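Visitor: 3D model of this:
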Amino acid sequence: MLTSRQKLILKAIIDIYAETAEPVGSKTLMNLPYLNFSSATLRYDMAALEELGYLEKTHTSSGRIPSEKGYRYYVEHLVTRDSDVQNVYPLVDEIFERNQLAREKAIEEAIKLLSDLTNYTAVAVGPDINDARIQKIDLIPLDDKNAVILIVTDKGHVQHQQIHLIDDLSIRDVKEVISTLNDLLTSRYLHDAMRILKEEYAKKELDQFMTLQRQLIDSFIEAFSKFASETFYLSGITNIFDQPEFSNVSHIKKLIDMMDRREIVKLIGSPEGLSIKFKSDIEVIPSNQMTVISMPYFINEDEKGTIALLGPARMNYKKVIPLLEYIAANLAKLYKDEG
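Guide: From the prediction side, this is the model:
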């Protein structure tokens, strides 16, 4: 059980370290008006916090830095929300007001703003599109040789892909094949659709139009990849590498590769609310100084998305947490307004 003074000291060290990335000593703490204690008293409590596992002593300085245990205690018991963050809320409001009819654009701009304001890497993950079922596949002719394929899901997602007919194929030929595909794929999950397309039955049905078959499968692959890409947003991927904790070239390469393959999606999100994961929670991340903080936004009872920030363990939590909460609330409202 920490004393009130120890809590103040721990909070002060974490707040200062978030700004400076330098170990904090007793002399620095003495300059704070709410820590009007002697240097000996501060050193004693700092030593006690270190012995309890909340602080760590570096080899290069007499000061201390927070441990993972210290950060966990801080975010669970000591962090306060910086009221100054409210000054940037109008920037968030402006994005959502300007993009009321363009949901993807609003998410993209909000994530970029979040990244710019925090100087961390921001991520947004929409509802899991793979849980959607295909409701309808349709063809809209544009002229004799061009048409648009529409794929509609039971959750209201719509994707389109334009095709151009070559050789002697006609729009009537394509309509016939699309009708077959509609019968084949309706009510199927998106994640099963491509597998089904490539099964022998689908190939046999389309044998008479082999050229068209290849073109259609390529078009479906592209359309389904768009479904997936529109649920993932990433901004400020290089921001974390401006932080002194991330100077290891090997770690940087692994992190970039992990983000390129979207493995970060596995590390974020909690249906209960705010989630903060440290090194021991996310062993796949190569740096022991990385933290992932995420916040869900709810679309309906069955669907949710998540926004997250990747940065150093010494994140400015008192600024980051209210920003995440405010943007998440606006994202949820954006989906409701569209529905």
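
Visitor: hey, let's count contacts and neighbours off CA atoms from now on
Guide: Noted.

Visitor: Helices along the stretch 151-300 of the chain, start to end?
Guide: 171-185, 190-198, 200-205, 210-229, 249-260 (DSSP state H, counting those that start in this stretch).

Visitor: quick one: average pLDDT of the longest one?
Guide: It stands for helix 210-229. Helix 210-229 shows a mean pLDDT of 66 in the predicted model.

Visitor: can you check the shortest one too?
Guide: Mean pLDDT, computed over helix 200-205, is 53.

Visitor: Quick check: which ranges of the stretch 151-300 of the chain have low pLDDT?
Guide: For the stretch 151-300 of the chain, applying pLDDT under 70 flags the ranges 155-157, 167, 198-214, 221, 224-230, 251, 260-267, 269-271, 283-288, 300.

Visitor: Apart from its neighbours in sequence, what residue is nearest residue 85?
Guide: residue 319 (6.2 Å; C-alpha to C-alpha, 6 or more residues apart in numbering).

Visitor: Got the confidence number for the one you found?
Guide: 93.

Visitor: tell me which element it falls in.
Guide: For residue 319, the element it lies in under DSSP states H and E is helix 317-338.

Visitor: Report the backbone C-alpha coordinates of that helix in CSV.
Guide: Output of helix 317-338 as CSV, limited to C-alpha atoms (Å, rounded to 0.1, in the frame of the first residue of the first chain):
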residue,chain,number,x,y,z
TYR,A,317,-1.6,9.5,-20.8
LYS,A,318,-3.4,12.5,-19.3
LYS,A,319,-3.6,13.9,-22.8
VAL,A,320,-4.0,10.7,-24.8
ILE,A,321,-6.9,9.1,-22.9
PRO,A,322,-9.4,12.0,-23.2
LEU,A,323,-8.5,12.4,-26.9
LEU,A,324,-9.1,8.7,-27.6
GLU,A,325,-12.4,8.9,-25.6
TYR,A,326,-13.6,11.9,-27.5
ILE,A,327,-12.7,10.6,-31.0
ALA,A,328,-14.3,7.2,-30.2
ALA,A,329,-17.5,8.9,-29.2
ASN,A,330,-17.6,10.9,-32.4
LEU,A,331,-16.9,7.7,-34.5
ALA,A,332,-19.8,5.9,-32.8
LYS,A,333,-22.1,8.8,-33.6
LEU,A,334,-20.9,8.9,-37.2
TYR,A,335,-22.1,5.3,-37.7
LYS,A,336,-25.4,6.0,-36.0
ASP,A,337,-26.0,9.1,-38.1
GLU,A,338,-25.3,7.2,-41.2
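
Visitor: Break the chain down into its structural domains.
Guide: 4-78, 83-128+231-338, 130-229 (automatic domain parsing).

Visitor: got JSON lines for the ones you listed, with mean neighbour count too?
Guide: Output for these, formatted as JSON lines (neighbours: other C-alpha atoms under 10 Å):
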{"stretch": "domain 4-78", "mean neighbour count": "17"}
{"stretch": "domain 83-128+231-338", "mean neighbour count": "18"}
{"stretch": "domain 130-229", "mean neighbour count": "16"}
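
Visitor: Work out which residue lies at the spatial centre of this protein.
Guide: Central residue of the chain (C-alpha atoms, centre = their mean): residue 123, 2.8 Å from the mean position.

Visitor: In contact with residue 69, which residues?
Guide: 53-54 (C-alpha atoms under 8 Å, 6 or more residues apart in numbering).

Visitor: Revised request: answer the last question for residue 34.
Guide: Counting by C-alpha under 8 Å, 6+ apart, residue 34 has no contacts.

Visitor: For it, grab phi and psi.
Guide: With angles defined as degrees, to the nearest 10, residue 34 sits at phi -90, psi 0.

Visitor: Could you report the distance from it to residue 12?
Guide: Plainly put, residue 34 is 10 Å away from residue 12 if you go by C-alpha to C-alpha, to the nearest Å.

Visitor: ok, back up a step: helices and strands around the helix holding residue 319, which ones?
Guide: In terms of contacts (3 or more C-alpha pairs under 8 Å, 6 or more residues apart in numbering; DSSP states H and E), helix 317-338 is packed against helix 89-98, helix 103-118, strand 290-298, strand 304-312.

Visitor: Fine by me, thanks again.
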